[in-house]
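>>> sequence-free structure coming up:
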Ligand SMILES: Cc1cc2nc3c(=O)[nH]c(=O)nc-3n(C[C@H](O)[C@H](O)[C@H](O)COP(=O)(O)OP(=O)(O)OC[C@H]3O[C@@H](n4cnc5c(N)ncnc54)[C@H](O)[C@@H]3O)c2cc1C
Ligand SMILES: Nc1ncnc2c1ncn2[C@@H]1O[C@H](COP(=O)(O)O)[C@@H](O)[C@H]1O
């Protein structure tokens, strides 16, 4: 077993940029222990993505033509299994995304591979690959290894590995995808709810509330606080799921990324990976939480440990 | 027609916690347990199908020690007549692929027609178990399901899968299938006091892996990783604002003004 295989991800004709993060992680591993890096593009027209994944450090790009445009779990499982059989990689790297949640673990079980998800660091100790991921809502980390496994499949946390920009000169090859009777059928996409009254992805100043708000009746006072401070009100997912604020106000993986935000005040939000996916890039994060161990503090510039209602009430006296 | 709903009792760490001496987990003195949030939604999904059709049985199950029975009783208090709990002390610390092997074995033994797992567990967040169950059963599967149209016994279900950025994919999946259910698919009910009382009388079948035909070797061979250690990650550099609420707020107001001025 030798080599690192990265599986590219794309949707509706666009490469998921997380693919290039996985490629960067592969090139890191290649430097730690000399081994070739191959990137497989599974698509109706793999050629559409060749140039984009051809970055410095990639040795081979494998085109795998399949009859479907988008992600299809049976098609992807069969293609990755065929790639693994043909190339016998020591490591398979994928982005940790909704698509890979839908098939990576199945590939690992059926192939007898070692497997870990949401990995944010990797290293070799001798010949052993060691992967690090979080546990208990980021309060602890766990280090894993994979004794006895010839191949290890890892899905990688987003925004951790820095994409390589320098172009590469990989060799291009093709692999025949096995024909499969797909047991799911794509019917179409439903676009996200259009920005209601305000497009939070454009806001410079955001004040977001999370489950700590406790009750729908408590939402209004934070709306008033946000207005008084000149901030746009956002929220974590449970607030939108409960219908206390419109979905268009939700920050995070399945909501919006606040790309233009300069100051983000997170109130009563624990800091799940999925929430942070939409805001962890903001340069000035202020967190207010009663739990000093809440993971939101790990990315905050300023932290207030305390009761959000008391702090909010006092803050009103200053604006 | 039977729907199997695997539920997990998840661990919640106290605000101040210590690691166990062997470094492999948090010290149990600092751990509380609760039902996994996602499983409220998967169980509700199953109950709604049961209530809308006749002849549908919903069976909650867990792989966990005696304390985990609480999560099953919590389900039974909302509906369903019996539950299954699988355990053996050798399973302590078992990973998602091993747990999935046992869930799949229960699905076979029960003759389940559908399995509704949660998308994620709140403590270890593997987002793997349901899909591993599907692989064990060789069933079709869909992860992160936010909408389901399913007539018991139908050859296909129509589902929606939530993608990044709020985009949704609509698709059909052949049945039987494993679905992993996402938050927000419905509004999970609360158990009534009467339900809680009745749940105490409902049977929970207790099985060992051996009862399911899964040997110790099978379990060992199914582990998809080995845990080397747990550790407290390096703390971020957040500057903590101390003092009374009034003092904290005053300082915050200044910081916000300064940042806004600089921005
Ligand atoms: C596929 C997928 C996509 C997802 N997408 C998103 C997404 O886009 N956005 C998102 O936000 N989540 C998303 N989630 C959900 C995510 O996993 C978490 O469940 C969610 O972010 C938790 O929200 P929260 O922090 O508000 O709640 P909790 O985690 O419950 O945190 C509440 C916090 O409030 C604090 N608190 C309580 N009371 C007080 C008080 N009086 N004063 C101060 N602090 C208090 C608590 O200490 C706690 O830290 C997604 C999940 C999945 C699986
Ligand atoms: N010990 C367990 N017993 C029963 N179901 C489990 C167990 N662990 C995980 N699951 C199922 O898998 C889902 C979470 O998956 P994961 O994030 O992979 O841990 C849960 O919502 C349950 O449906």
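Sure thing, it's come through. Every value quoted in this text rests on a predicted model; they were computed, and no experiment measured them. Ligands and ions are numbered 1, 2, ... in the order given.
>>> Tally up the residues packed near residue B:7, please.
27 (other CB atoms under 10 Å in any protein chain shown). Placement of C-beta: from N, CA and C, glycine included.
>>> Correct me if wrong: it contacts residue B:70.
No: counting by CB atoms under 8 Å, residue B:7 does not reach residue B:70; the two are 10.5 Å apart.
>>> Show me the common contact partners of the two, please.
Each of residue B:35 lies in contact with both residue B:7 and residue B:70 under the rule CB atoms under 8 Å, 6 or more residues apart in numbering or on different chains.
>>> which parts of stretch A:138-147 are buried?
Neighbour counts over stretch A:138-147 (16 or more other CB atoms under 10 Å in any protein chain shown) mark A:138-146 as buried.
>>> Need the distance between the two termini of it.
25 Å (CA to CA, to the nearest Å).
>>> hmm, that stretch in reach of ligand 1?
No: with CB under 6 Å from any ligand atom as the criterion, ligand 1 is not reached by stretch A:138-147; the gap is at least 10.7 Å.
>>> Does that stretch reach ligand 2?
No: using CB under 6 Å from any ligand atom, stretch A:138-147 stays clear of ligand 2, coming no nearer than 13.0 Å.
>>> Need the residues that contact that stretch.
Contacts of stretch A:138-147 (CB under 8 Å, 6+ apart): A:114, A:116, A:125, A:128-135, A:152, A:271, A:273, A:293, A:295, A:298, B:13, B:17, B:19, B:26, B:224-233.
>>> could you give the mean pLDDT of it?
The pLDDT scores in stretch A:138-147 average 96.
>>> what does stretch A:252-260 give?
96.
>>> Give me the residues contacting it.
Under CB under 8 Å, 6+ apart, the answer for stretch A:252-260 is A:200-204, A:206, A:234, A:236-237, A:240, A:247-251, A:264, A:272-279, A:281-282, B:162-166.
>>> do stretch B:211-225 as well
A:108-109, A:113-116, A:131, A:144-146, A:149, B:86, B:90-91, B:94-98, B:101-102, B:105-106, B:109, B:209.
>>> again, 7 Å this time
A:108, A:114-116, A:144, A:146, B:86, B:90, B:95, B:97-98, B:101-102, B:105-106, B:109, B:209 (CB atoms under 7 Å, 6 or more residues apart in numbering or on different chains).
>>> Could you identify the buried members of the contacts of stretch A:138-147?
A:114, A:116, A:129, A:131-135, A:152, A:271, A:273, A:293, A:295, A:298, B:13, B:17, B:19, B:26, B:224-228, B:230, B:233.
>>> which among the residues you listed are in contact with ligand 2?
Counting by CB under 6 Å from any ligand atom, no member of these reaches ligand 2.
>>> among those, which are in helices?
Among these, the residues falling in helices (DSSP state H) are residue A:273.
>>> Output the below-cut-off pLDDT ranges for chain B.
B:263 (pLDDT under 70).
>>> cutoff 80 now
B:235-237, B:262-263 (pLDDT under 80).
>>> For ligand 2, what is the nearest residue in it?
residue B:118 (2.1 Å; CB to the nearest ligand atom).
>>> Could you turn the buried ones of the contacts of stretch A:252-260 into a PyMOL selection?
Buried subset of the contacts of stretch A:252-260, written as a PyMOL selection, criterion 16+ other CB under 10 Å:
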select buried, (chain A and resi 200+201+203+204+206+234+236+237+240+247+248+249+250+251+264+272+273+274+275+276+277+278+279+282) or (chain B and resi 162+163+164+165+166)
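>>> show me the contacts for the residue of chain B closest to ligand 2.
Taking CB under 7 Å, 6+ apart, one finds B:36, B:38-39, B:42, B:180-181 in contact with residue B:118.
>>> How many residues are close by the residue nearest to it when sequence neighbours are not counted?
In space, and not counting its chain neighbours, residue B:118 is closest to residue B:38: 2.9 Å by CB to CB, 6 or more residues apart in numbering or on different chains. For residue B:38, the neighbour count with other CB under 10 Å is 24.
>>> so does the host helix or strand of residue B:38 get close to ligand 2?
Element membership of residue B:38 [criterion: DSSP states H and E] is helix B:37-52. Yes: judged by CB under 6 Å from any ligand atom, helix B:37-52 comes into contact with ligand 2 through B:38-39.
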